[in-house]
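Enquirer: Turn this into a structure:
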Amino acid sequence: MSFSNDQLERYSRHIILKEVGVKGQKKLLQSKVLIVGTGGLGAPAAMFLAAAGVGTIGLVDFDAVELSNLQRQIIHLTKDVGKPKVISGRETINEMNPDVEVAAYKEWVSSSNIKDIINDRDYDFIIDGTDNFPAKFLINDACVLTQKPFSHAGIIRFQGQTMTYVPGQGPCYRCVFQNPPPANAVPTCKEAGVLGVMGGIIGTIQATEAIKYILGVGELLTGRLLTYDSLKMEFRKINLPYNKKCQVCGENPSIKTLIDYEQAVCDLKHT
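Expert: Prediction:
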């Protein structure tokens, strides 16, 4: 592929980076990233991936935009209240960068559809932008079983965390957390609150991980959990060991089909 004059200007700050260049920008334009949850994490991740020129972005979310979302879900505007989030997100991305194709999936992810969504465009990288444990374990297991790299993240109150899974290169989410907590045992953002900018900080780190993976540059957060405390303005990296007894990616996995765990009532909206 060759660049138009507009593309050369749009991506000029990438092209002058030796780690990106013309070759790397072409990789981005030919890449496909799936974002599950178009909320506090998925919104900034989608916007920066679109600005970077990721050629295909998939957005998965069944929800509609609510006024309370706008404190952190920056891909949506006041005029979008009541509109499906995937449609609002697609419109924002289309206005931002016409090079990007947006695939909108207005549905809840479940054991019956997540593999089909991942395989629909054969996505290169998946971003978990959800805020509930059943979805996080489902995304992890689906990515392990389909051999897809993904970025996990979570935010609540003034804290956030993120890690990256690449098949064969480190532990998966279940290696670390094993099983979801009982329904309603852990408060959600809706119950506990969340500082609006937390999604921007952690979501853009997820976008960075996706871009680095596509380009094949730098060090990913494989085998490490990055935590952030905004009150202390403190980042920490915690080394995560691979669990040989992991139920889904271990030496003798017991999970070979996807599981729909019980979901807390207030967990039905992405961050």
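
Enquirer: Leaving out the residues flanking it, which one is nearest to residue 118?
Expert: Residue nearest to residue 118 in three dimensions, not counting chain neighbours: residue 146, with 5.6 Å by Cβ to Cβ, 6 or more residues apart in numbering. The way it works is simple: take the backbone N, C-alpha and C, and place the C-beta from them, glycine included.

Enquirer: and residue 241, that's in a strand?
Expert: No. Residue 241: not assigned to a strand; according to DSSP: H, G, I helix; E, B strand; the rest coil it is coil.

Enquirer: Surely it is in contact with residue 224?
Expert: No. Using Cβ atoms under 8 Å, residue 241 is not in contact with residue 224, being 10.7 Å away.

Enquirer: So which of the two has more stuff around it?
Expert: Applying other Cβ atoms under 10 Å to residue 241 and residue 224 shows that residue 224 carries more neighbours, namely 17 against 10.

Enquirer: what sits against the more buried one?
Expert: For residue 224, the contacting residues are 163, 237-240, by Cβ atoms under 8 Å, 6 or more residues apart in numbering.

Enquirer: Pop out the phi and psi values for it.
Expert: Dihedral angles of residue 224 (phi, psi; degrees, to the nearest 10) stand at phi -140, psi 140.

Enquirer: Show me what it bridges to in the sheet.
Expert: In this structure, residue 224 has the following beta-bridge partners (DSSP bridges): residue 239.

Enquirer: next one: residue 56
Expert: Under DSSP bridges, the beta-bridge partners of residue 56 are residue 32, residue 101.

Enquirer: tell me which residues of stretch 194-206 are tucked away?
Expert: Within stretch 194-206, the residues that qualify as buried by neighbour count (16 or more other Cβ atoms under 10 Å) are 194-195, 197-206.
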